[in-house]
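**Student:** task: produce atomic coordinates for the following.
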Amino acid sequence: MTADLKPAADMLAAIIRDVPDDRLTGPTPCEGTTVGELLDHIDSLCVAFAAAARKIPLEGGGRPPVPDASRLGADWRERIPARLAELAEAWREPSAWTGTAEIGGGVLPAEVAGTSALDEVVVHGWDLAVSTGAAYPADDPALAEAVHRACRWVGAVVAEHPQGSPGLFGPPVPVPDDAPPLDRLLGLTGRDPAWRPR
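**Tutor:** Okay, here's the model as predicted:
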């Protein structure tokens, strides 16, 4: 089963273009990670997951580097959105979803890697929006399938690792049963949907 990463990637790209410089050192819902570091992480994951979709091994197996805002450079507002577009395009190919994919230093079923990429784009879109005072259009119909698919996948991971998955998700944060789908996804990934920078 394939999924379209483009709506979520486009929304994240729009948020990135509007990040103010004075927010780069601010906090994010990712504990101990600044906005600048989150942007560097998004940049890296775009490269790694696009290569995984195209079955192109990266040096080190695509193991993610420690986020470092000093790597952003001057062109990050253009470069990262362009890489998000490349990421979405790479996963539009049906072949991306077949066989296996090398990502994060390991080999996964390609469908799992693609769904993980989708989850990263959706959740980090919210992370970045809430950290910088931007609106995240959680009720946009274009995002509905992405959020539901990511929620199903994260829910399956959490069912196997109810105390959290080190390096992937923190312990789940309880949210009401009738919470919006995005809030349920955030809670499953260890985020408090009510988080705001202090």
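
**Student:** for the chain, what are the low-confidence residue spans?
**Tutor:** 60-62 (pLDDT under 70).

**Student:** dead centre of it: give me the residue that sits there.
**Tutor:** Glu120 (1.7 Å; C-alpha atoms, centre = their mean).

**Student:** tell me where this structure has strands.
**Tutor:** Listed in chain order, the strands found in the chain under DSSP state E are 100-103, 106-109.

**Student:** how about the first one as CSV, C-alpha atoms only?
**Tutor:** Once non-C-alpha atoms are left out, strand 100-103 reads as follows in CSV (Å, rounded to 0.1, in the frame of the first residue of the first chain):
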residue,chain,number,x,y,z
THR,A,100,13.1,-3.5,1.5
ALA,A,101,14.6,-0.1,2.2
GLU,A,102,17.8,0.8,4.0
ILE,A,103,17.3,3.6,6.6
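
**Student:** what's the closest of the strands of the chain to Val130?
**Tutor:** Closest of these to Val130 is strand 100-103, at 26.1 Å (criterion: C-beta to C-beta). (C-beta placed from N, C-alpha, C; glycine too.)

**Student:** and that closest one, how far from the chain's centre?
**Tutor:** Relative to its parent chain, strand 100-103 has a centroid offset of 17 Å by C-alpha atoms, centre = their mean, to the nearest Å.

**Student:** before we move on, what about stretch 30-50?
**Tutor:** Remark: stretch 30-50 is offset 8 Å from the chain centroid, using C-alpha atoms, centre = their mean.

**Student:** give me the buried positions along that stretch.
**Tutor:** Applying a neighbour-count criterion of 16 or more other C-beta atoms under 10 Å, one finds 30, 33-46, 48-50 buried in stretch 30-50.

**Student:** now go through those and say which are in helices.
**Tutor:** Of the positions in the buried residues of stretch 30-50, 35-46, 48-50 sit in helices, assigned by DSSP state H.

**Student:** span of stretch 91-101 from start to end?
**Tutor:** Using C-alpha to C-alpha, to the nearest Å, one end of stretch 91-101 lies 12 Å from the other.

**Student:** show me the contact partners of that stretch.
**Tutor:** With contact meaning C-beta atoms under 8 Å, 6 or more residues apart in numbering, stretch 91-101 is reached by 1-6, 49-50, 52-55, 90, 107-111, 113-114, 117-118.
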